[in-house]
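>>> Next come a sequence and a model predicted from it.
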Amino acid sequence: MTGSSLRVEFVGEVYELDPDATFTIGREADLVIDDANPFLHRHFLTLRHENGLWWLVNAGATLTATISDPDGAMQAWLAPGAALPIVFATTTVWFTAGATTYDFTIVAPDAAFAPVPAPLAQPDGSLTLGRVTLTPDQKLLLVALAESVLRRGDRGAGTIPPTAAAASRLGWPVTKFNRKLDNVCAKLSTLGVRGLHGGPSALASGRRARLVEYAVASRLVTPDDLALLPGQPAGA
């Protein structure tokens, strides 16, 4: 079992948690992520200590969170009402509210488990994750969608571009971008990644946000991959 020591880090701020109290995260909470984002729940996530373990709980009604270890070897999707024990020394939490993606870090000095190494890129530029291999174009698509998140440094929030903007960033027709987006989502859905498949009304911003969360949390894309993008982003 883990000890009672736990802290949360967000944009340079450090919060030492009290095992006898519940710590809230949201728009109006102990950790205020973004008080100007109406899409973010007042109390979205909570951390509480029970039976020798710290638990991360999704107290929201609609938003989900992506949980990852430092190397991206473990990745979990925390749906509304779900709870997950904090077992790694460092855990990163990603979530999207509206068009903005946020992340914060949970540090447990007494954690009992350690992550295993993440999968490595292949010499041809593809990357293998389990039974799924991403082609260079598919990886480029992920980098274009995650560009703001990867470039933001420690600002704490990044935006997910609309399909037309991401396609334009790559110099692709929207039809090509959507076809490759469908292929990536289908591959990851086959692997068991949730939130990437649904009817036509469910395949817009929610799917792109979930894809970015997963790609960054599992280290399918990293800041080093920004070099793959053509030129400079608008306004850079």
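Now that the structure is in, tell me what you want to look at.
>>> pull the helix or strand with minimum mean pLDDT from the chain.
None of the helices or strands of the chain scores lower by mean pLDDT, DSSP states H and E than strand 127-129, at a mean of 46.
>>> Return the set of buried residues in stretch 38-51.
40, 41, 43, 44, 45, 46, 47, 48, 49 (16 or more other C-beta atoms under 10 Å). No exception for glycine: its C-beta is placed from N, CA and C like everyone else's.
>>> brain fart, stretch 71-87
For stretch 71-87, the neighbour count (16+ other C-beta under 10 Å) marks 71, 72, 73, 74, 75, 76, 77, 78, 84, 86, 87 as buried.
>>> give me every residue that touches the residue nearest the centre of the chain.
For the chain, the residue nearest the mean C-alpha position is residue 213 (2.8 Å; C-alpha atoms, centre = their mean). By C-beta atoms under 8 Å, 6 or more residues apart in numbering, residue 213 lies in contact with 66, 94, 95, 96, 101.
>>> Could you give the backbone dihedrals for it?
Per-residue torsions, residue 213: phi -50, psi -50 (degrees, to the nearest 10).
>>> Show me the contacts of residue 213 that map onto strands.
Mapping the contacts of residue 213 onto strands (DSSP state E) picks out 66, 94, 95, 96, 101.
>>> now the helices for this protein?
Along the chain, counting by DSSP state H, helices occupy 136-151, 163-170, 174-191, 205-217.
>>> Tell me which of these lies nearest to residue 223.
helix 136-151 (4.9 Å; C-beta to C-beta).
>>> buried sites along that closest one?
Using 16+ other C-beta under 10 Å as the test for burial, helix 136-151 gives 137-150.
>>> swap in stretch 216-226?
216, 217, 218, 219, 220, 221, 225.
>>> Need the CA coordinates for that stretch. CSV is fine.
Output in CSV follows, covering the C-alpha atoms of stretch 216-226 (Å, rounded to 0.1, in the frame of the first residue of the first chain):
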residue,chain,number,x,y,z
VAL,A,216,0.2,12.9,-25.4
ALA,A,217,-0.4,10.8,-22.3
SER,A,218,0.8,7.6,-23.9
ARG,A,219,3.8,9.4,-25.5
LEU,A,220,2.7,8.5,-29.0
VAL,A,221,3.7,12.1,-29.7
THR,A,222,6.2,14.3,-27.8
PRO,A,223,7.6,17.8,-28.2
ASP,A,224,10.5,16.4,-30.2
ASP,A,225,8.0,15.5,-32.9
LEU,A,226,7.1,19.1,-33.5
